[in-house]
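Chemist: Pasted the sequence and its predicted model underneath.
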Amino acid sequence: MSEAPDGARHRRGMPGRNAFWRFNWLAHHKRIAALEQVRTHAHGALLDVGCGARPFEPLLADRITRAIGVDLRSSTELPTPPDAYADAMALPFRDGSFDTVLGMALMPYVAEPDRMLAETRRVLRPGGVAILEFQQMGPLWNPPHDYFRFTRDGAALLLRRNGLEMVAAVPIGGLMARVGLTLIARLNRINRGPWRALTEIPVRLLYAALQLVFEALDRLFFDPAEVMGNLVVARRA
């Protein structure tokens with residue numbers, strides 16, 4: 001099987017598994033852990049919808065035969081152009097073109113989730129799977145284009161009515177991680193503008209301290225009903 005294209009380069013700009021001093025590591029490393037739990041469902045040709053810097057494709061490299069990444073022209077997370085510019089609600093591919101569709105940190109920003117899921121089903125081959133992150137709670141990101149949050153049951157309902165059957169769901173983080181992300185987001189707003197040369201090092205130190213503290217609290221007080229989100233695997237019904 002071939003490796004996902006430019007795997008190392010596509011990791012750029014996103015915090016790694018142990019980079020606890022980086023912005024939003026608290027959420028990102030949990031996404032990595034969740035994807036590692038469900039990676040065995042990925043196979044064949046992969047479509048990475050809302051691919052951004054494509055940080056997750058290398059985790060699936062030995063499971064897939066090729067990877068195509070699509071994103072919006074307006075995306076601010078594109079260090080290099082995707083394979084195609086496309087809207088998740090109107091994918092420019094023939095029916096049954098892919099075996100796996102990946103959508104990480106995507107669903108809150110889709111204006112019409114039903115249309116997006118119908119398109120996902122359309123481009124999947126029979127037996128194909130979608131691996132989708134459904135965020136349940138988290139700070140606003142990119143308003144006014146941050147539209148929805150989803151419970152696990154709400155995600156299952158959306159999937160069913162669009163011809164997709166949930167076969168697995170892995171929780172991503174808990175309430176303590178959510179609180180930590182809010183504090184980190186406020187720090188990030190401080191670390192901008194002409195004073196960044198002075199704030200960069202103190203803010204990085206605070207990132208590290210806060211994220212380690214709230215990671216520990218999240219593990220200690222984790223409640224599966226109060227999660228940041230669920231990574232869902234759904235099969236084309």
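Modeler: It's in. Numbering: from 1, shown residues only.
Chemist: Please, which helix or strand holds R196?
Modeler: R196 is part of helix 196-220, with elements assigned from DSSP states H and E.
Chemist: quick check: mean pLDDT across stretch 138-155?
Modeler: pLDDT averaged over stretch 138-155 equals 93, rounded to a whole number.
Chemist: Give me the distance between the spatially most central residue of the chain and I32.
Modeler: Centroid check for the chain by CA atoms, centre = their mean gives M104 as the closest residue, at 2.3 Å. Separation of M104 from I32 (CB to CB, to the nearest Å) stands at 10 Å. To be clear about C-beta, it is placed using only N, CA and C from the backbone, and glycine gets the same treatment.
Chemist: What score does P194 have for pLDDT?
Modeler: At P194, the predicted lDDT confidence score is 85.
Chemist: got any residues that touch both of M104 and I32?
Modeler: Taking CB atoms under 8 Å, 6 or more residues apart in numbering as the contact rule, the neighbours common to M104 and I32 are F56.
Chemist: pLDDT below threshold where in the protein?
Modeler: Screening the chain residue by residue with the criterion pLDDT under 70, one finds the ranges 1-15.
Chemist: Now do the strands in it.
Modeler: Counting by DSSP state E, one finds strands in the chain at the ranges 44-49, 64-71, 84-85, 98-103, 124-135, 164-174, 227-236.
Chemist: in its sheet, what does the shortest one sit against?
Modeler: Right, the one you point to is strand 84-85. Taking DSSP bridges as the criterion, strand 84-85 forms sheet pairs with strand 64-71 (parallel).
Chemist: List the buried residues in the strand it pairs with.
Modeler: Within strand 64-71, the residues scored as buried using 16 or more other CB atoms under 10 Å are I64, R66, A67, I68, G69, V70, D71.
Chemist: What separation do you get for the first one and P92?
Modeler: It refers to I64. I64 sits 20 Å away from P92 when distances are taken as CB to CB.
Chemist: before we move on, what about the fourth one?
Modeler: As judged by CB to CB, I68 and P92 stand 11 Å apart.
Chemist: what's the answer for the second one, then?
Modeler: Computed with CB to CB, the distance linking R66 and P92 is 17 Å.
Chemist: what's the neighbour count on D83?
Modeler: Under the neighbour criterion other CB atoms under 10 Å, D83 is assigned a count of 16.
Chemist: Does it touch G69 like I think?
Modeler: Yes - with contact defined as CB atoms under 8 Å, D83 reaches G69; the gap is 5.1 Å.
Chemist: Look up the closest residue to L159, ignoring the ones flanking it.
Modeler: Here the nearest residue to L159 in space, its sequence neighbours aside, is A234; by CB to CB, 6 or more residues apart in numbering that works out to 4.8 Å.
Chemist: Including distance to T182, could the buried residues of strand 64-71 go into TSV?
Modeler: Output for the buried residues of strand 64-71, formatted as TSV (distance: CB to CB, whole Å):
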residue	distance to T182
I64	35
R66	39
A67	33
I68	35
G69	30
V70	30
D71	26
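Chemist: Just name the closest of those residues to P144, please.
Modeler: The closest of the buried residues of strand 64-71 to P144 turns out to be D71 (CB to CB; 19.0 Å).
Chemist: give the contact list for the nearest residue to that closest one once chain neighbours are set aside.
Modeler: Distances taken as CB to CB, 6+ apart place P82 nearest to D71, at 4.7 Å, with adjacent residues excluded. Remark: with contacts taken as CB under 8 Å, 6+ apart, P82 is in contact with C51, R54, G69, V70, D71.
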